[in-house]
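Participant: Here's my sequence, what's the structure:
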Amino acid sequence: MAIHWTLKPFEALSNNELYKILQLRAAVFIVEQQCAFQDIDDKDQKASHVCAWEADKLIAYTRILPPGISYTEASIGRVVNSASVRGSGIGRELMQRSINAVYQLFGQVSIRIGAQFYLKNFYESFGFVQDSDIYLEDNIEHIKMILA
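Facilitator: Okay, the predicted model is just below:
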């Protein structure tokens with residue numbers, strides 16, 4: 001089946017698209033990773049949303065935040081893939097499309113992320129470098145990384 005990619009500001013998301021985004025984020029970040037945390041944080045409205053759709057199923061997602069919202073730099077967050085597509089390479093495509101979306105929206109700016117530590121090598125393969133010590137967020141080891 002073909003994958004359809006979208007990049008939309010919050011206001012352009014349909015109710016169904018927003019529902020699917022929140023559903024995937026809850027399934028992975030809250031249920032699968034067993035983290036009770038406030039996913040809905042008043043940043044989605046300021047974000048652009050990168051989505052990979054297979055028919056009407058959301059299979060991969062990130063949100064792009066402009067500089068000054070989460071960090072001084074632009075950021076990519078809520079990086080998530082459906083369990084059904086893990087190992088297929090969709091995560092690499094999602095991240096590359098997200099980096100490209102940042103540049104499309106804001107120019108050649110630096111990008112900061114808060115990454116789960118176990119994914120350090122994955123993000124380094126895109127040029128991100130670690131620039132913080134390991135810290136716990138929701139009992140999961142994280143690091144800050146930057147793509148300058």
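
Participant: which parts of stretch 130-145 are buried?
Facilitator: Applying a neighbour-count criterion of 16 or more other C-beta atoms under 10 Å, the buried positions in stretch 130-145 are 142, 143, 144, 145. Every residue, glycine included, has its C-beta placed from N, CA and C.

Participant: got the contact list for it?
Facilitator: Contact partners of stretch 130-145, identified using C-beta atoms under 8 Å, 6 or more residues apart in numbering, comprise 33, 35-37, 112-118, 120, 123-124, 128-129, 146.

Participant: In helices, which of the residues you listed appear?
Facilitator: Counting by DSSP state H, the part of the contacts of stretch 130-145 found in helices is 120, 123, 124.

Participant: hmm, which of these are the buried ones?
Facilitator: When burial is judged by neighbour count using 16+ other C-beta under 10 Å, the buried members of the ones in helices among the contacts of stretch 130-145 are 120, 123.

Participant: what's the closest of the ones in helices among the contacts of stretch 130-145 to residue 81?
Facilitator: Taking C-beta to C-beta as the measure, residue 123 is the one of these closest to residue 81, at 14.3 Å.

Participant: any idea how far residue 92 is from the closest one?
Facilitator: Residue 123 sits at a distance of 11 Å from residue 92 (criterion: C-beta to C-beta, to the nearest Å).

Participant: packing partners for the longest helix along the chain?
Facilitator: In terms of residue count, the longest helix belonging to the chain (DSSP H) is helix 90-106. When contacts are defined as 3 or more C-beta pairs under 8 Å, 6 or more residues apart in numbering; DSSP states H and E, helix 90-106 packs onto strand 3-9, strand 48-54, strand 57-65, strand 74-81, helix 120-124.
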